[in-house]
Each structure stands twice: as C-alpha cells, then as structure tokens.
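Asks: Please find the sequence and the predicted model below.
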Amino acid sequence: MRLFKKLMMAVAAVPLFTACMDNSNTYSAIFGVSANGGSPVFANTGHAFATLGSFGSWHIEQNSGSDWCSLDMMRGAGNAYYSIPARFKLNTTDQYRVASFTARDDENPDDVYATITFRQYGTRIDGSLGSAALVTGITGDDGTEITIGYDTLCRPVDLEMRKNGTRLRQLAVTYAADDSSYFMNVVADNDRNNELTADCSFAYQPSQLVSSTDTVGYYEQSTWIVEGDAFNVEEHRPRGEVTAQALLFTKGSISQKGPDSLQTADSLRYLHRYTDGTSYREDLRLSYSQNSNRRQSVDVNQLLLGVEECNPYQLISLFRLARNSYVISEAEATDGKYTVATTLNGDGSVSTMTVTDKQGGTVTYTFTYDTTQP
C-alpha cells in the first residue's frame with residue numbers, strides 16, 4: 001500500500017460517488033476509483049493497482065473472482081487517497097474473466113459506495129493462450145537449435161538460436177517498473193554489448209526497442225489501405241543490415257483487433273538486406289491450417305523461411321500484433337510455394353513442423369516443452 005497524500009479539498013473536487021447526509025455538517029464521499037486505470041490485465045499479469053479516495057473510513061467487500069484476484073488492503077482511514085496493489089493468479093482458463101469489489105463508507109455503507117472491477121484477458125502478453133505450453137527447445141534436422149527460458153509469469157527471459165553449433169542470435173529480456181512507468185530491456189547478441197530499451201505499458205508490449213546501434217519495432221506502411229490494415233515489423237542493425245516483415249490485413253482476412261481476438265494476415269512481404277548490400281525478398285500469399293498458433297508460447301510461423309531468417313524478437317512475440325492466430329499451411333509466391341505440415345500434442349501445441357521450400361527441400365522442427373508451467 002502506498003499512501004499518496006492527505007486530501008485538503010472540498011467534496012466538489014471530482015467526486016465519483018457522493019452522498020450528503022441529513023446533518024448538514026456531515027458529508028461522505030468515495031472518489032477517484034479505478035482498477036488498473038480502466039484497462040484489463042493479461043492472463044500472465046502478476047499485479048496492478050486499485051485506487052480510491054475517501055473522506056471517511058472505508059472497507060472493501062469482494063463480490064467475485066476471489067479464486068484469482070485479491071487486494072492487499074481491504075479497509076482504511078478517511079481523508080486520504082490510496083493506491084492498493086491487486087494480485088492476480090495466472091489465467092489458464094483461456095477465457096476473459098472479471099473480479100468485482102465494492103468499496104463502502106463505514107458510516108454510510110448503503111449510500112456511499114463504489115464498484116472496483118478488474119478484468120483479465122484469456123491471452124498472455126505475447127498473444128498465446130493463458131494455458132499455452134511453454135516451448136523451451138526447438139531442434140531442426142538441418143542443425144537448428146533454439147533454447148528459451150521463462151520467468152514465473154511465463155514471460156520469455158532468454159533466447160539463443162544456433163545452426164550447426166554456430167550461434168546466430170541471443171537475447172536476454174528484463175521486465176521492470178517504477179512508481180509510474182514500465183520498462184523493457186533486451187541485451188541482444190551480447191558480444192556487441194548491445195542493450196535495447198523501451199518504455200511500455202503494463203502489458204510490456206513495446207512499439208520500438210532502441211539502442212545506440214539497433215532499432216526493432218513497428219513501422220507504418222506508406223501504402224494507403226482503403227479497407228484493412230497494413231504495418232511492418234523491422235529490425236535495423238549495424239552496417240545497414242535490415243529485416244522487415246510487411247503484413248497486410250484486408251477485408252477478406254481476420255483482424256479483430258482485441259487481444260483475445262483472432263487474426264490472420266492474407267499476405268506477407270519479407271525483406272532481408274545484408275551488410276554487403278545484397279538482399280533476399282519474398283512476396284507471399286498466405287493460407288492457414290485449422291491448427292492454432294496460440295497453443296504454444298512461440299510464434300511457430302516465424303520459422304517458415306528457416307532459422308537464418310527467423311526474427312528472434314518475433315519468435316517470442318515481443319511484437320504480438322504480428323502474430324497470426326493459426327499455423328500457416330501454404331505461402332505462395334510467383335515462383336513457387338512453401339508448404340507447412342504439423343503434428344500436434346494432446347493439448348493442441350505443435351509437436352513437429354515440417355516446412356517444404358520452393359525447391360522441394362524440407363526441414364522438420366521438433367518442439368520440447370516445460371511441463372511444470374503454467
């Protein structure tokens with residue numbers, strides 16, 4: 001509990017709930033009531049804050065959600081404004097849920113009260129379902145080796161990608177907060193001593209991560225879309241190296257916007273400009289299987305073009321808006337197509353994924369999971 005300040009103001013100072021009593025010298029009010037600023041929390045959000053002010057002593061009654069949501073403080077004195085930590089359990093139901101509280105004035109509980117409502121998404125901050133299995137390893141029969149670690153809130157904290165024993169990429173992610181802000185720090189390819197940072201909302205979803213040499217994040221497209229949406233996720237590295245994924249959502253694709261909603265882009269344009277000035281490009285029309293891409297912690301579609309072209313930030317969905325909700329089945333270009341076949345575990349998570357490229361070459365990826373979380 002943090003007691004911000006004593007209130008030295010009249011009842012008229014933006015009260016949300018006020019009741020005047022029969023005695024003209026007596027008044028009561030509960031005001032400034034908020035649950036996480038009015039925003040829902042995610043399936044793996046650990047805590048947030050409820051705020052309230054009161055001129056009289058008060059208490060809180062819990063109406064629902066006691067099995068997953070609690071407040072650190074359930075009563076307090078008057079003439080003060082409070083910020084009260086709220087604690088959440090991981091939401092593994094995959095469903096949106098609500099916890100409700102009522103704050104009441106002790107002397108006038110039936111007339112002076114306010115409702116505090118926390119809402120929790122069924123999906124995590126990375127776009128996976130709250131019950132999704134945590135991928136700890138991916139191996140490919142082409143020599144691919146990927147390892148991933150998580151914290152107790154199912155957030156990725158480290159990632160390493162190798163091919164035939166050679167390290168391609170490495171990330172170490174830190175999530176932090178102070179009294180008013182949330183931060184993400186990523187140490188990328190630590191042999192370069194490269195630390196990218198971003199100011200975030202409580203959801204730890206940055207718009208861009210930036211260091212003195214690198215930038216990773218969302219970029220608007222210059223193309224004007226009449227009906228639909230289009231954006232890029234780009235990574236800019238030293239010596240002119242750039243990778244970009246341009247996703248297009250048109251009227252015929254799924255783009256429902258909400259965190260728990262489904263989305264499938266209908267096309268992907270990919271560019272990798274290398275340090276020597278050469279480029280690799282793909283312009284792909286996408287089709288999808290019925291297999292969910294939200295049943296495991298990683299975005300398996302990022303392996304479509306092989307580990308060398310896999311963006312590590314997107315593999316662990318630090319930029320969740322680019323995560324399609326279903327596993328790609330076919331990606332068609334003018335000069336051929338990629339096809340994807342998957343086998344699933346009993347919980348719907350991907351067990352193996354075989355990608356066949358435009359020349360007929362195949363790579364089979366095998367996924368291993370942490371069986372102790374969530």
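Replies: Nice, I can see it.

Asks: From what I see, F231 and G217 are in contact.
Replies: No - under the criterion of Cβ atoms under 8 Å, F231 makes no contact with G217, lying 10.3 Å away. (Glycine included, C-beta is placed from N, CA and C.)

Asks: Find residues that contact each of the two.
Replies: With contacts taken as Cβ atoms under 8 Å, 6 or more residues apart in numbering, not a single residue reaches both F231 and G217.

Asks: Name the SS class of the residue nearest the centre of the chain, please.
Replies: When Cα atoms, centre = their mean is applied to the chain, the residue found nearest the centroid is I125 (2.0 Å). Assigned by DSSP: H, G, I helix; E, B strand; the rest coil, the conformation of I125 is coil.

Asks: And for the one 10 residues further on?
Replies: When classified by three-state DSSP, V135 comes out as strand.

Asks: residues contacting the residue nearest to the centre of the chain?
Replies: Here I125 is in contact with 42, 44-45, 155, 203-205, 320 (Cβ under 8 Å, 6+ apart).

Asks: quick one: least confident of the residues you listed?
Replies: Lowest pLDDT among the contacts of I125: A203, with 85.

Asks: Tell me how many other residues surround that residue.
Replies: Counted by other Cβ atoms under 10 Å, the residues lying close to A203 total 19.

Asks: Could you look up the SS state of it?
Replies: Following three-state DSSP, the label given to A203 is coil.

Asks: Now do the contacts for it.
Replies: Neighbouring residues of A203 by Cβ under 8 Å, 6+ apart: 42, 45, 125.

Asks: Also V41?
Replies: Contacts of V41 by Cβ under 8 Å, 6+ apart are 48, 88, 118-121, 202.

Asks: The same query, at a cut-off of 10 Å, please.
Replies: Contacts for V41 (Cβ atoms under 10 Å, 6 or more residues apart in numbering) come out as 35, 47-48, 69, 86, 88, 91, 99, 118-121, 125, 202-203.

Asks: for P312, phi and psi?
Replies: phi -60, psi -30 (degrees, to the nearest 10).

Asks: That one contacts R237, correct?
Replies: No - using Cβ atoms under 10 Å, P312 is not in contact with R237; the gap is 11.9 Å.

Asks: More neighbours: which of these two?
Replies: Neighbours per residue, other Cβ under 10 Å: of P312 and R237, the larger number sits with P312, 24 against 19.

Asks: Dig out what the closest residue to the more buried one other than its chain neighbours forms beta bridges with.
Replies: With Cβ to Cβ, 6 or more residues apart in numbering as the criterion, P312 has its nearest non-adjacent residue at 4.6 Å, and that residue is R169. When bridges are called by DSSP bridges, R169 pairs up with M161.

Asks: Can you read off the pLDDT for R169?
Replies: R169 is given a pLDDT of 97.

Asks: Counting neighbours, what do you get for it?
Replies: R169 has 18 neighbours, counted by other Cβ under 10 Å.

Asks: Now do the contacts for it.
Replies: 146, 159-162, 188-189, 307-308, 310-313, 315.

Asks: Give me the buried entries from these.
Replies: Among the contacts of R169, those buried by neighbour count (16 or more other Cβ atoms under 10 Å) are 146, 159-162, 188, 307, 310-313, 315.

Asks: Now for those residues: which two are most distant?
Replies: With Cβ to Cβ as the measure, no two of the buried ones among the contacts of R169 lie farther apart than R162 and Y313, at 17.2 Å.

Asks: distance of E234 from T174?
Replies: Remark: distance between E234 and T174 (Cβ to Cβ, to the nearest Å) = 23 Å.

Asks: what do you get for N324?
Replies: 27 Å.

Asks: Same drill for these two, tell me which one is more crowded.
Replies: Shown here are N324 and T174; by other Cβ under 10 Å, N324 has more neighbours (23 against 13).

Asks: Once you drop chain neighbours, what's closest to that one?
Replies: Counting by Cβ to Cβ, 6+ apart, T264 is the residue found nearest to N324 once chain neighbours are left out, at 5.1 Å.

Asks: got it, and R239?
Replies: T275 (4.2 Å).

Asks: what about the one you found, neighbour count?
Replies: T275 - counted by other Cβ under 10 Å - has 11 other residues nearby.

Asks: likewise the one 5 residues further on?
Replies: As a burial measure, Y280 scores 13 neighbours (other Cβ under 10 Å).

Asks: Next: A244.
Replies: As a measure of burial, A244 has 17 neighbours, counting by other Cβ under 10 Å.

Asks: Bridged to it, which residues?
Replies: Beta-bridge pairing for A244 (DSSP bridges): E234, L271.

Asks: So V112 sits against S57, correct?
Replies: No - the pair V112 / S57 is not scored as a contact, 11.2 Å apart, by Cβ under 10 Å.

Asks: any shared contact partners between the two?
Replies: Contacts common to V112 and S57, judged by Cβ under 10 Å, 6+ apart, are 28, 105-106.

Asks: thinking again about what came up before, looking at the contacts of V41, which one is closest to A331?
Replies: Proximity of the contacts of V41 to A331, judged by Cβ to Cβ, is greatest for I125, which lies at 26.8 Å.

Asks: Pull up the gap between the closest one and R281, please.
Replies: 31 Å.

Asks: Over to A77?
Replies: Taking Cβ to Cβ, one finds A77 at 65 Å from R281.
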